[in-house]
Each structure stands twice: as structure tokens, then as C-alpha cells.
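Visitor: A structural model of the following input is requested.
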Amino acid sequence: AVHYFMLSPGSSLAVGLVLSSLVLDSIAPSAAFAPDATASSARPFLLSTSSQPPLPPSNRRRRRALSSSSSSPPTTMSSQAKDIDGKSIAAAVRSELAEKIGALPAAVTSRPGLAVMLVGTRKDSQTYVRMKQKACADVGMRSFLEKYEDVDDVTEEQLLEKIARWNNDDAVHGILVQLPLPEKIDEARVLEAVDPAKDVDGLHPANAARLFNTATHAGANKLNWKDFGSIPFHIPCTPQGCIELIDRIGCDIEGKNAVVIGRSNLVGLPVAMLLLHRNATVTVVHSRTKDAESVVKRADIVVAAVGRARMVPRSWIKEGAVVIDVGINSVDAPGTKRGYKLVGDVDYEGAREAAGWITPVPGGVGPMTIAMLLRNTWNGWR
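Guide: A predicted model of the protein is given here:
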């Protein structure tokens, strides 16, 4: 689903200016990121079946599908990259959440709850909200929907009052405002009204500031960045999904050279910080970087989040690298039923000749966003 989250220029976000969020739960035909505008458990999931916790019988077929493509990350040159199957990994995350929620004793009457605010009658927004509600139901979470269909009558104060009630409602553990909001509504004011503890998109200035605090590596403030469930604040969903994908293929991030292409507040900067927290050596490539090709080619891990179709060619990719392609771009495809197709920021066909692992588009990073949203809600409940 596509949401736009704007924080005021005067917000407390350390890296400053305006924070825009474009969250991909599903891909709309018109969805395309503007340049520089695109975003666990560390336990590997795809390495073997013997180390996996048992899944419910209904998930055995999914387990077999995942296991059939499992192997360790490449350490030598490979002729063709292995796809990182975001759909299967997202399904595995949802299955794990469903198992945890299903195992709660009957005496625990509370269940994780996600509240969603929908203003207007946009068909795409309605579809995205239904997807979130279905995902909640599938894992055993409660969902709450507040709809304001009459855009002319709805006021900013109404939305703020509802958010205030959700902030104080013990049954609500996550709050999401479906955007865009009508032009007459101050989006920044509405979004910053959400309690940071219930900001499951992880984009409130207070949560962003905590993510950018490197005093979490030692002493009393030390955090276990290999376990997102232990982090005491919400991590943005798409960046979190990128790290989850890397972890699930068994790639050890520590000590790796990582390059993030794009410096947006949504994906580029947060995912760079997450990689840094995991002790990678991180470089951010942007529109003013000189000789970007040589910088990217040194990377063991590449995260492309810039919003330009096939910007990264095969020649930029180091042999055996892990490539996470966050971009989603629509390009003409004459002769096809839709007349277009979706591609990433990386030349997939070319890059997979050099990379060790690569996310396809679609089907890579995109499916992870709702899974991370659900996990943030679970963490908020815990």
C-alpha cells in the first residue's frame, strides 16, 4: 500500500527537513518512486529445515517450498544469482506471528490490535486497508478501522480526537493513518499526534531520532540489533524488511562493505543506519556522488532505493554480492496485456549474472512491508 507520511520541517528528526513515507504493501500500477525518495530476528530461515521451529500443518507446504531453494550465501563467483523470495519469507514471518499468537494461553485475553484511519473513498486506499485487515485476521490480530468517507465534512480536529482516543486505548497497539489525506488536513500534525509507542510505521520523529542514536552499542544503552523484537522502539517497515531478507539468506552483515543507493528518510538513511548498527562499513551513494560505479562495485551488499528504472547495471555489481532492490518503476511493455511492466532500480537480468543473491521486482522487498507492520504491532503489544 502506498502511504505518504510528512513530518514538519521543525520536527525533532536529527537528519532534519521533511520526512516522507511511501510504504509498499502492494504495488499500484502508477506507483513509482521519485529519485532519492525510496526503505528480525537474525536467525537464518532459508539455510536448512533441521534448525527450524515446527510450523502448523497448514504451513508444511510453504516450508517445503522455502527449503527447496535453500543454500548458504555464496562465497565464490556464481554464474547466476539466487532469487531472494520476498513472498515466501513474508509468509514465513506471518506464520511465525500466527504461531506465537495462537500459543497465547486462554488466560491472556488481550490480543495485538492494529488501528487504521481511512479518510475518503479512494479505491486504492480502500484496497490497501482491506489487505492490512486480512493480514491481521490471518495471524490472529485484531484490527480497528475508522472511516471518514465524506471528505467535505471531516475536520482535522475529528482525526486528532480519534487518534487521541486510540493513544489511550489499551486494545490498540499500533496506529496507521492511510494517506494521502485531503489537502485541507495538515498531515504532519495528524501523524505527529500518534503516540511514538504505537507508531508502527516507525516514522515518528522520536522513533527516527532513536534509530539514529549510535549510543546503543555499549554500556547501559546497548541494544541487540540482531533481534528487532528486543529493540524498544519501532523500526520503519521497509528498511526493516530489507535487513530481514539479508538475515534470512544467512548473510552475516558484520564487517561487510555495504552501499545504499539513495538517501531518503524513508529507506536510504534508515537502512544505512540499520546496516551500521550491524557493524557493516556503510557508504551512501546519491545524485552528487562522483564515480558511483566504482563505489558500488566494491560493495558486498547493495541496497538500491533511488526510484530510477534499471539505473544499476550488471557492471556495477561485485561478483557474489547480495543485491536488495527496493525500487519499483513502471516501464512500457508493448504487446503485453497491461502495456507496462514493473521493474526495479537494478537491471535484474544483467545483475543476476554477477550477484550471489538478488531480490526480484515485484516479489522481493514489497511483500515484506506488511509482514514488518504486523511484527511491529506484535512488538508493541509485547
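
Visitor: Please count neighbours and contacts with C-alpha atoms only from this point.
Guide: OK.

Visitor: So which elements touch the helix or strand where Ile163 lies?
Guide: Taking DSSP states H and E as the definition, Ile163 sits inside helix 156-167. If you count contacts as 3 or more Cα pairs under 8 Å, 6 or more residues apart in numbering; DSSP states H and E, helix 156-167 packs onto helix 187-192.

Visitor: Give the helix, strand or coil label for the spatially most central residue of the chain.
Guide: Central residue of the chain (Cα atoms, centre = their mean): Thr238, 1.5 Å from the mean position. Put simply, Thr238 is helix when judged by DSSP: H, G, I helix; E, B strand; the rest coil.

Visitor: Quick check: it touching Asn265?
Guide: No: Thr238 is not in contact with Asn265 according to Cα atoms under 8 Å; the separation is 11.4 Å.

Visitor: Can you tell me the element Arg288 falls in?
Guide: Going by DSSP H and E, Arg288 is not in any helix or strand.

Visitor: Mind pulling up the pLDDT for it?
Guide: On the pLDDT scale, Arg288 is placed at 97.

Visitor: before we move on, what about the one 5 residues further on?
Guide: The pLDDT attached to Glu293 in the predicted structure is 97.

Visitor: quick one, what contacts it?
Guide: Glu293 is in contact with Ser315, Trp316, counting by Cα atoms under 8 Å, 6 or more residues apart in numbering.

Visitor: what's the spacing between it and Ile89?
Guide: Relative to Ile89, Glu293 is positioned 30 Å away (Cα to Cα, to the nearest Å).

Visitor: for Ile163, same thing?
Guide: Relative to Ile89, Ile163 is positioned 32 Å away (Cα to Cα).

Visitor: ok, now how distant is Thr359 from Gly86?
Guide: Taking Cα to Cα, one finds Thr359 at 7 Å from Gly86.

Visitor: burial measure for Ala333, as a count.
Guide: Per other Cα atoms under 10 Å, the neighbour tally for Ala333 reads 12.

Visitor: these two touch, right, it and Gly339?
Guide: Yes: with contact defined as Cα under 8 Å, Ala333 reaches Gly339; the gap is 5.0 Å.

Visitor: Give me the nearest residue to Leu374, chain neighbours excluded.
Guide: Cys136 (7.1 Å; Cα to Cα, 6 or more residues apart in numbering).

Visitor: Can you classify that neighbour as helix, strand or coil?
Guide: Under three-state DSSP, the three-state class of Cys136 is helix.

Visitor: can you pull the contacts of it?
Guide: Contact partners of Cys136, counting by Cα under 8 Å, 6+ apart, are Leu114, Arg142, Ser143, Leu374.

Visitor: so which of those comes closest to Thr121?
Guide: Of all the contacts of Cys136, Thr121 sits closest to Ser143, with 19.2 Å by Cα to Cα.

Visitor: Any regions of this structure where pLDDT drops low?
Guide: In the predicted model of the chain, residues 1-79 satisfy pLDDT under 70.

Visitor: where exactly do the helices run in it?
Guide: Here the chain has its helices, by DSSP state H, at 60-68, 86-102, 123-139, 156-167, 187-192, 205-211, 237-248, 268-277, 292-296, 348-351, 368-381.

Visitor: So for the third one, what gets flagged as buried?
Guide: For helix 123-139, burial by neighbour count (16 or more other Cα atoms under 10 Å) applies to Ser125, Gln126, Tyr128, Val129, Met131, Lys132, Gln133, Ala135, Cys136, Val139.
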